[in-house]
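Q: Here's a sequence, model it:
(one chain, ligands or ions: 1)
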Amino acid sequence: MTATDTYLLLRAFCDELARCGLRHACTSPGSRSAPIVLSLVREPRIRSWSHLDERCAGFFALGAAKASSEPVAVTCTSGTAAANLAPAVVEAFWARVPLIVLTADRPPELRDVGAGQTIDQIKLYGDAVKWFAEVDLDAATPERMRWIRTLACRTYWTARAGRPGPVHLNFPLREPLVLDAPLPADASGRAGGQPYVMFDAPSAAAPAGGTHPFGRMVIVAGRDERDPSAAEELTAFAAQAHIPVLADPLSGARRGPTAIAHYDAILRDPAFAAAHRPEFVIRVGDVPTSKPLRAWLAGLDDVAQIAIDPDDTWQDPDSVVGMRVSAPYRTLLAGLAAGEVVPAPSDWLAAWRAADDAAARAVAEVLAGEAILSEPLVARSLGEGLPADSTLFVASSMPIRDVESFLTVRADGPRVLSNRGANGIDGTVSSAFGAAAAGGRPVVLLIGDVALAHDIGGLLAARRLHLSLTIVVLNNDGGGIFHFLPIAGESDAFEEHVATPHNLDFGRAADLYGCSYVRPETTTELRSAVERSLADPGTTLIEIRTERQDNLALHRRLQDAVRAELTPRAEAAAPRA
Ligand SMILES: Cc1ncc(C[n+]2csc(CCOP(=O)(O)OP(=O)(O)O)c2C)c(N)n1
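A: All right, here's what the predicted structure looks like:
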């Protein structure tokens, strides 16, 4: 293996990734990885984003792949550097995000013999990748040039096709690691810039036309971040068939007259939940986070529940789905809509609509009575105010729950993204920067203080990569979510070991990382801070201080208000069975 062989093979590998469609890669520093980094950086069709922390690099790549719905590569040097990519790889696997992980390694003769920065990297990420390969960069013969081009295509298409996910290639590299002579030309690629191997995924056939009568049906639309236009087709179909859509904001379907936004609150009301049992449930995307919704679906074990999922993932923790359809739901719904659609009885959608509107009024009334900004009010206000062409990236913990519960229906709401494959609070800042880099839209991140502290190093992207991001941090000095759980009663350990207050001054963090900083106290101040930040080319940290106990009490008041508004309604307006 000479440096020329290594670089010839890696140049062809990167050329082939670019021919397939790769546009973004993340690098991190190191010596062993130099041939991979230099080959990526020298490929003009790929934008290489430099990171100094591999964990941030992994999550940045994840966010970029999520926002662009295309594979993104990430590379690192050997040893613990590769282990630092594990959280992002795991999230990508569970969230179905196409990631191409390129780790540099010592060659076999330097493994387990005391050489520096050497760990066992073979299948390092276990079953959390779709494919692993050890890539031997030996003599660049014509046969091996063909092989590396085929391998690059296989990597790209494997990450992207079927159920998308991460692919891991491990590259043993021998010294010398830099070239000492110019690289000769290479004409081993296909003519016309075509990938060496093209890939064609079969698309599911649309069902035949026919007549489709829709009774008391609901559609539960969960996280499906890949194709926003599919959600528009879903809502158009629901409007045609008069079907309520219990729409998680991560589905993109919280829009139009059939979208039910407050399902979490209204299904907490046992009378409403019992009176509105459907005859059919269609489930698309992941199961939403809402516990009342999950419990309601679990209780519908005698109701026909159909899950439509092109990737054949099993999203059914309560084993109540009776039929699985392996197809993109847009194909299926287009087929149904092409037939004669006999809409559901008119009082069915009307009853859900009335309950949703009543819940919206109850929530608005309670929130209007709040003198200062609260966590639900921030979620609601971002949902109402963000421009249609923006992306709201939401952290796990209470932010994702508040967005699910309080984001109102809008004809043209922002795109909503979140790392919900494994529900981690890690890497969120980096993922949001990745989404800003590759998504082509302004991004607003809504995040809790613990999640921000966890990935504070992600702020480095603001300074080093000159990216624009608006970060709204809800600072309740600890994990507010835990106050909603029984562990809150374990007073000897709760505050220090579970809530974990930190008393960090985020203004100083903003200063360190070159971000603007502002602390609004009212909705008007928040709106103008967000507007100013969106118009600014830099990154702004908008901090809102809240109290964990007050937040718990406010959520209880909101639930009580919705229930009070619904009780007479559920009795009077229950639709015919
Ligand atoms: C990587 C990781 N570690 C730990 C957890 C467990 N966890 C869930 S929520 C949470 C607290 C988050 O606090 P914060 O970001 O401030 O949001 P809040 O609960 O206040 O809304 C923790 C530690 C997790 N989900 N992911």
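Q: For the chain, which residues are neighbours of the ligand?
A: With CB under 6 Å from any ligand atom as the criterion, the chain comes near the ligand at residues 396-399, 423-426, 448-451, 476, 479-481. All C-beta atoms are positioned from the backbone trio N, CA, C, and that covers glycine.
Q: Can you select the buried ones among those for me in PyMOL?
A: Per 16 or more other CB atoms under 10 Å, the buried members of the residues of the chain next to the ligand correspond to this PyMOL selection:
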select buried, resi 396+397+398+399+424+425+426+448+449+450+451+476+479+480+481
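Q: Select the longest helix from this protein.
A: helix 548-573 (DSSP state H).
Q: mind listing what's buried in that one?
A: 548, 551-552, 554-555, 558-559, 561-563, 565-566, 569-570, 573.
Q: of those, the lowest pLDDT goes to which?
A: Here the lowest pLDDT out of the buried residues of helix 548-573 sits on residue 570, with 52.
Q: Quick one: end-to-end length of stretch 384-391, please.
A: 13 Å (CA to CA, to the nearest Å).
Q: If you rank every helix and strand of this protein by mean pLDDT, what lands last?
A: One helix or strand of the chain scores below all others by mean pLDDT, DSSP states H and E: strand 211-213, with a mean of 76.
Q: Which residues outside that strand are in contact with it?
A: For strand 211-213, the external contacting residues (CB atoms under 8 Å, 6 or more residues apart in numbering) are 241, 336, 339, 340, 341, 342.
Q: strand partners of that strand, parallel vs antiparallel please.
A: strand 340-342 (parallel) (DSSP bridges).
Q: I'd like the average pLDDT over the partner strand.
A: Rounded mean pLDDT across strand 340-342 is 82.
Q: residues contacting the residue lying closest to residue 242 once chain neighbours are set aside?
A: Nearest residue to residue 242 in three dimensions, chain neighbours excluded: residue 343, at 4.0 Å (CB to CB, 6 or more residues apart in numbering). Contacts for residue 343 (CB under 8 Å, 6+ apart) come out as 214, 240, 241, 242.
Q: all strands of the stretch 1-150 of the chain, in order?
A: In the stretch 1-150 of the chain, the strands defined using DSSP state E, counting those that start in this stretch lie at 24-27, 47-50, 72-76, 99-105, 131-134.
Q: Quick one: closest of those to residue 465.
A: Nearest of the strands of the stretch 1-150 of the chain to residue 465, taken as CB to CB: strand 47-50 at 5.9 Å.
Q: who does the closest one pair up with?
A: strand 24-27 (parallel).
Q: before we move on, the earlier item: let me know which of the strands of the stretch 1-150 of the chain is tucked in deepest.
A: strand 72-76 (a mean of 30; mean count of other CB atoms under 10 Å).
Q: Not counting its own residues, what contacts that one?
A: In contact with strand 72-76 (CB under 8 Å, 6+ apart) are residues 17, 22-28, 30, 33, 36-37, 40, 46, 54, 57-58, 60-62, 64-65, 82, 84-85, 88, 98-104, 434, 438.
Q: quick one: low-confidence ranges for the chain?
A: Scanning the chain for pLDDT under 70 picks out 1, 201-209, 568-577.
Q: Where does the stretch 301-450 of the chain get nearest to the ligand, residue-wise?
A: Here the residue of the stretch 301-450 of the chain nearest the ligand is residue 448; by CB to the nearest ligand atom that distance is 2.3 Å.
Q: Report all helices and strands that the helix or strand just after the least confident helix or strand of the chain contacts.
A: Note on strand 211-213: by DSSP states H and E, the next helix or strand toward the C-terminus is strand 217-221. When contacts are defined as 3 or more CB pairs under 8 Å, 6 or more residues apart in numbering; DSSP states H and E, strand 217-221 sits against helix 228-241, strand 245-247, strand 280-284.
Q: got TSV for the ones you listed, with mean neighbour count too?
A: Shown next, in TSV, are the helices and strands packed on strand 217-221 (neighbours: other CB atoms under 10 Å):
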stretch	mean neighbour count
helix 228-241	19
strand 245-247	30
strand 280-284	24
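Q: So which residue of the chain lies furthest out from the middle?
A: residue 181 (43.8 Å; CA atoms, centre = their mean).
Q: For stretch 246-266, list every residue counted as buried.
A: In stretch 246-266, counting by 16+ other CB under 10 Å, buried: 246-256, 258-266.
Q: what does stretch 312-323 give?
A: Those would be 315, 316, 320, 321, for stretch 312-323 by 16+ other CB under 10 Å.
Q: Stretch 269-287: end-to-end distance?
A: End-to-end for stretch 269-287, by CA to CA: 20 Å.
Q: Now find how far off-centre that stretch is within its chain.
A: Centroid separation for stretch 269-287 versus its chain: 25 Å, with CA atoms, centre = their mean, to the nearest Å.
Q: now stretch 264-272
A: 28 Å.
Q: Also stretch 496-509?
A: For stretch 496-509, the distance to the chain centre is 25 Å (CA atoms, centre = their mean).
Q: sorry, back to before: only the buried subset of the contacts of strand 211-213, as a ChimeraX command please.
A: Applying 16+ other CB under 10 Å to the contacts of strand 211-213, the buried members can be selected in ChimeraX as follows:
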select :241,336,341
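Q: Good, wrapping up.
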